[in-house]
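J.: here is my input, please return the structure:
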Amino acid sequence: QEAIAKSQALEPFKDQLLLDITPEGLRIQIVDKQNRMMFDLGSAKLMPYTSDILHEIAGFVNRVPNRVSIAGHTDTASYASRIGYSNWELSADRANAARRALLEGGMDPAKIARVVGFGDAVLFDKKDPLNPINRRISIVVMTKAAEAAALGSIESLPVPASGAVTPPAAPAAAMAAPAK
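T.: Got it, this is the predicted structure:
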């Protein structure tokens with residue numbers, strides 16, 4: 001976390017990088033800003049500077065032994081450019097575009113535990129569902145327990161004593177274990 005925060009290469013994009021710790025691990029979120037989007041509108045085509053950000057993050061991820069989870073998120077705006085293509089497909093396509101950029105940046109392919117699209121189901125700003133910050137890529141450098149849960153090695157992540165789980169980690173954790 002400290003290395004990413006101090007990166008000179010990522011300095012111009014600090015306002016689009018959000019770092020926090022979740023029950024699953026270190027979450028790195030790359031968010032849209034009103035005048036600087038990560039992708040072409042309604043598309044999974046990365047802007048060149050988004051590729052640069054992901055290439056830089058790939059180097060940091062390779063320095064740790066942990067695997068990663070990559071998630072795409074959208075706002076609630078619909079971009080029905082094709083029939084049957086919704087924010088679900090768009091978010092999954094964007095997560096996969098981020099995965100490809102991380103690999104192009106040198107990240108070891110074995111580091112990838114999962115790639116998912118959440119559509120607009122896990123909004124960052126619930127009060128303003130059209131806020132550009134809702135359009136984001138989340139890369140979680142997973143704890144060993146989260147990795148095991150994602151790969152089906154254990155039933156689920158432990159829940160804190162209070163019973164509360166901080167979103168958006170809860171939907172990912174809930175989806176990690178297959179239903180019986």
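J.: could you identify the helix or strand that succeeds the lengthiest helix in the chain?
T.: Counting by DSSP state H, the longest helix found in the chain is helix 87-104. Toward the C-terminus, helix 87-104 is succeeded by strand 112-117 as the next helix or strand (DSSP states H and E).
J.: pLDDT (mean, whole number) over that following strand?
T.: Per-residue pLDDT over strand 112-117 has a mean of 95.
J.: tell me the buried residues in it?
T.: Neighbour-count burial for strand 112-117 flags 112-117 (criterion: 16 or more other Cβ atoms under 10 Å). The C-beta positions use only the backbone N, C-alpha and C, and glycine is treated the same way.
J.: swap in stretch 133-148?
T.: Buried, per 16+ other Cβ under 10 Å, within stretch 133-148: 133-143, 145-148.
J.: tell me how far the residue nearest the centre of the chain lies from Gly84.
T.: What sits nearest the mean C-alpha location of the chain, by Cα atoms, centre = their mean, is Ser138, with 1.6 Å. From Ser138 across to Gly84, the span is 25 Å (Cβ to Cβ, to the nearest Å).
J.: same thing with Glu147?
T.: Taken as Cβ to Cβ, the span from Glu147 to Gly84 is 33 Å.
J.: returning to what we had before: of the buried residues of stretch 133-148, which one scores lowest on pLDDT?
T.: Pick the lowest pLDDT in the buried residues of stretch 133-148 and you get Ile133, at 84.
J.: roughly how far apart are that one and Ala58?
T.: Using Cβ to Cβ, we find Ile133 at a distance of 23 Å from Ala58.
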